[in-house]
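Asker: what would the 3D arrangement of this be:
(chains A and B)
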Amino acid sequence: MHAFTVSELNNALRAHLEEEGLFFDIWLLAEVVEFRRYPSGHCYFTLKDEQASMRAVLWRSAAERVALLPTNGEAVLAHGRVGFYEARGEVQFVVDQIVPAGIGLLNAQLAQLRARLEAEGLFDERRKRQLPVLPRRIGIVTSPQAAALQDMLTILRRRYPLAEVVLSPCLVQGELAPASIVAALRRAYTEPLDVIILARGGGASEDLAAFNDEQVVRTVALSPVPIITGVGHETDTTLVDAVADVRAPTPSAAAELVAPAIGDLRQQITELRERAESAILSRIDAQRAVVAQQHMLLQRNHPRRRFDTARQTVDDLLRRADRALARWIQFEQARLQSLHARLRTLSPQATLARGYAIAQRSDGTVITDPAQVQPGETLHLTLHAGTLRVTVETANE
Amino acid sequence: MSEPTTVEQYEQLLAELQIIVERLERGELSLAEALHLYERGAELAATCQQLLDMAELRVRQIADG
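Answerer: Numbers count the residues shown, from 1 in each chain, chains lettered A, B, ... in the order given. Now for the predicted structure:
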């Protein structure tokens, strides 16, 4: 016979209870009594119903994650495992999550899952990536039948028709939804996408259960590209929203966040074109100034400038020559007049007046010698007051 | 991989346009270069606008739901 010590027995009991993993993931609906929080931060209390009770412990690390600590007499939903306290040989319920029972089991599970994932750092702000500015290929993971898809496509067509949409269809509600979403996400991950929208139109909040599924959340966390969620209505927040890079309140809002407005793109092009225009215009203006400057220099050095100087000299000379000529003409005219006056005094008229006559042959020859004429020849005599026609009788030698 | 999407073409043209505008604005170019670049820029801007005008959302489904 083998006799255990108490320690040995308790140790074996603990090992049996805890290592078999039999009571590892337990939800307990119970009333809290004898609640006490120690300075260490650990909380000790009793969970009971009408017939039975069990000691319970909430370690400080878990207590810190509990939103609201229970109070005595409160009905709670506690999650945890069954442990064995060797020192006293007592079974105790080790609580890791505890919520008022009114919230309901699903919410409690959800809260617990949220806490666990949060503890893993899945919801860290540092993990969040920015959405691409100009996504080329946009993945959409949603139900192909739902109105949400059409809403998103309408928005993308209007705002950002440049993109290519890759639709990875899935079920978004029902038992099979989580597995379907996981598969659709994985398919999407194999595509060269820039961003993924995970969307589901509005519905009753229990219909959104798939978006709180642990595998779905973990798969979203694995996305190689930024992922944006648009699940349910504005007021619904699911765990995929917490793990996604960006959370949009609705599918339509997600599509709008992903798509830059085409008007902004046009505006950008217009601005660039205007900048190019003003740059080239100022470049041309600068060139114009250079040309003007050169033109001025050129004119200053134009050969005509030298002609101008020469021409001025010539003009000057011509003017002086003109003046000289005018003076000469004046002088000559005066001389001519005086000569003319003298000439008049020498004119034959004056001599004829004194009684002389001029004898001329009919051809005009002036007769100065009798030898020039023959008797009988006709001569013209010019007298002071007229002419005579005479015939020669004799010519004295 | 599929052929370049409209966005890829657009991005490429836009990037070229941005470089051209910046070079024009720095203004270290000869007039001939500047004019040449400006022409290219105007062309790019027109093509970009055209891409925006003509773009039609392409939707492709992978596997069936």
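Asker: list the buried residues in stretch A:27-47.
Answerer: Neighbour counts over stretch A:27-47 (16 or more other C-beta atoms under 10 Å in any protein chain shown) mark A:28, A:30-32, A:35, A:43, A:45-47 as buried. Placement of C-beta: from N, CA and C, glycine included.
Asker: now do it: distance to the chain's middle.
Answerer: Centroid displacement of stretch A:27-47 relative to its chain, using C-alpha atoms, centre = their mean, to the nearest Å, is 61 Å.
Asker: what mean pLDDT does that stretch get?
Answerer: Regarding stretch A:27-47, the rounded mean pLDDT is 91.
Asker: what's it in contact with?
Answerer: Under the criterion C-beta atoms under 8 Å, 6 or more residues apart in numbering or on different chains, residues A:48-49, A:53-60, A:63-64, A:69-80, A:93, A:101, A:105, A:108-109 lie in contact with stretch A:27-47.
Asker: residue ranges with poor pLDDT in chain A?
Answerer: Along chain A, segments meeting pLDDT under 70 span A:102-108, A:203-206, A:234, A:236, A:345-346, A:397.
Asker: per the annotation, how does it divide into domains?
Answerer: If you go by automatic domain parsing, the domain ranges for chain A are A:6-120, A:135-260, A:351-391.
Asker: okay, and the beta partners of residue A:80?
Answerer: Beta-bridge partners recorded for residue A:80 (DSSP bridges): residue A:26, residue A:95.
Asker: next secondary structure after whichever strand or helix holds residue A:337?
Answerer: Using DSSP states H and E, residue A:337 sits within helix A:303-346. Next in sequence after helix A:303-346, counting helices and strands by DSSP H and E, comes helix A:348-353.
Asker: quick check: nearest residue in space to residue B:34, chain neighbours excluded?
Answerer: Leaving aside its chain neighbours, residue B:34 sits nearest to residue A:283 (4.7 Å; criterion: C-beta to C-beta, 6 or more residues apart in numbering or on different chains).
Asker: just residue B:4 next, same as before
Answerer: Looking at residue B:4 with C-beta to C-beta, 6+ apart, the closest residue is residue B:12, at 7.8 Å.
Asker: any idea how far chain A is from that neighbour?
Answerer: When C-beta to the nearest C-beta, to the nearest Å is the yardstick, residue B:12 and chain A sit 11 Å from each other.
Asker: show me the contacts for residue A:276.
Answerer: B:17, B:20-21, B:24, B:38, B:41-42, B:45.
Asker: what about chain A: which of those touch it?
Answerer: Filtering the contacts of residue A:276 for neighbours of chain A using C-beta under 8 Å from any C-beta of the partner chain leaves B:17, B:20-21, B:24, B:38, B:41-42, B:45.
Asker: residue nearest the centroid of chain A?
Answerer: In chain A, the C-alpha closest to the average C-alpha coordinate belongs to residue A:268, at a distance of 3.6 Å (C-alpha atoms, centre = their mean).
Asker: quick one, helices of the stretch 151-300 of chain A?
Answerer: For the stretch 151-300 of chain A, the helices defined by DSSP state H, counting those that start in this stretch cover A:177-189, A:214-221, A:239-243, A:251-258, A:262-300.
Asker: just want the angle from the longest one to helix A:303-346.
Answerer: Counting by axes from the mean of the first three to the mean of the last three C-alpha atoms, to 10 degrees, helix A:262-300 points 40 degrees away from the direction of helix A:303-346.
Asker: give me the distance from helix A:262-300 to the chain's centre.
Answerer: 20 Å.
Asker: buried set for it?
Answerer: A:262, A:265, A:269, A:272-273, A:275-277, A:279-280, A:283.
Asker: and for the closest residue to chain B within the stretch 101-250 of chain A, the neighbour number?
Answerer: Taking C-beta to the nearest C-beta, chain B has its nearest neighbour within the stretch 101-250 of chain A at residue A:169, 3.1 Å off. Residues near residue A:169, counting by other C-beta atoms under 10 Å in any protein chain shown, number 21.
Asker: ok, it touching residue A:139?
Answerer: No. With contact defined as C-beta atoms under 8 Å, residue A:169 does not count as touching residue A:139 (11.3 Å).
Asker: now the phi/psi pair for the closest residue to residue A:64 other than its chain neighbours, please.
Answerer: Leaving aside its sequence neighbours, residue A:64 sits nearest to residue A:41 (C-beta to C-beta, 6+ apart; 7.4 Å). With angles defined as degrees, to the nearest 10, residue A:41 sits at phi 100, psi -20.
Asker: for residue A:189, what are its contacts?
Answerer: A:222-224 are the contacts of residue A:189 under C-beta under 8 Å, 6+ apart.
Asker: please read the previous query as pertaining to residue A:182.
Answerer: Applying C-beta under 8 Å, 6+ apart, we find residue A:182 in contact with A:215-216, A:219.
Asker: of those - the most surrounded one?
Answerer: Most surrounded of the contacts of residue A:182: other C-beta under 10 Å gives residue A:216, at 25 neighbours.
Asker: tell me who's in contact with the residue nearest to residue A:86 when sequence neighbours are not counted.
Answerer: In space, and not counting its chain neighbours, residue A:86 is closest to residue A:10: 4.1 Å by C-beta to C-beta, 6+ apart. Contact analysis of residue A:10 by C-beta under 8 Å, 6+ apart lists A:84, A:86-87, A:89.
Asker: tell me which residue lies nearest the centroid of chain B.
Answerer: Note: chain B centre (C-alpha atoms, centre = their mean) maps to residue B:13, 1.7 Å.
Asker: how far away is it from residue A:353?
Answerer: Per C-beta to C-beta, to the nearest Å, residue B:13 is found 119 Å from residue A:353.
Asker: ditto for residue A:288
Answerer: In terms of C-beta to C-beta, residue A:288 sits 91 Å off from residue A:353.
Asker: residue A:173 and residue A:210 touch, don't they?
Answerer: Yes. Using C-beta under 8 Å, residue A:173 is in contact with residue A:210, at 6.3 Å.
Asker: those two: which has the busier surroundings?
Answerer: The residue with more neighbours, out of residue A:173 and residue A:210, is residue A:210; 25 against 18, by other C-beta under 10 Å.
Asker: my guess is that one contacts residue A:172. True?
Answerer: Yes. In this structure, residue A:210 is within contact of residue A:172 by C-beta under 8 Å, at 6.4 Å.
Asker: which residues are in contact with both of these two?
Answerer: What both residue A:210 and residue A:172 touch, as defined by C-beta under 8 Å, 6+ apart, is the set A:181, A:200.
Asker: before we move on, back to that, you'd agree the residue nearest to the centre of chain B is in a helix?
Answerer: Yes. Residue B:13: assigned to a helix according to DSSP: H, G, I helix; E, B strand; the rest coil.
Asker: coming back round to it: OK, contacts around the residue nearest to residue B:34?
Answerer: Contacts of residue A:283 (C-beta under 8 Å, 6+ apart): B:24, B:27, B:29, B:31, B:34.
Asker: and what of residue A:238?
Answerer: Listed by C-beta under 8 Å, 6+ apart, the contact set of residue A:238 reads A:208, A:211-212, A:229, A:231-232.
Asker: great, nothing more from me.
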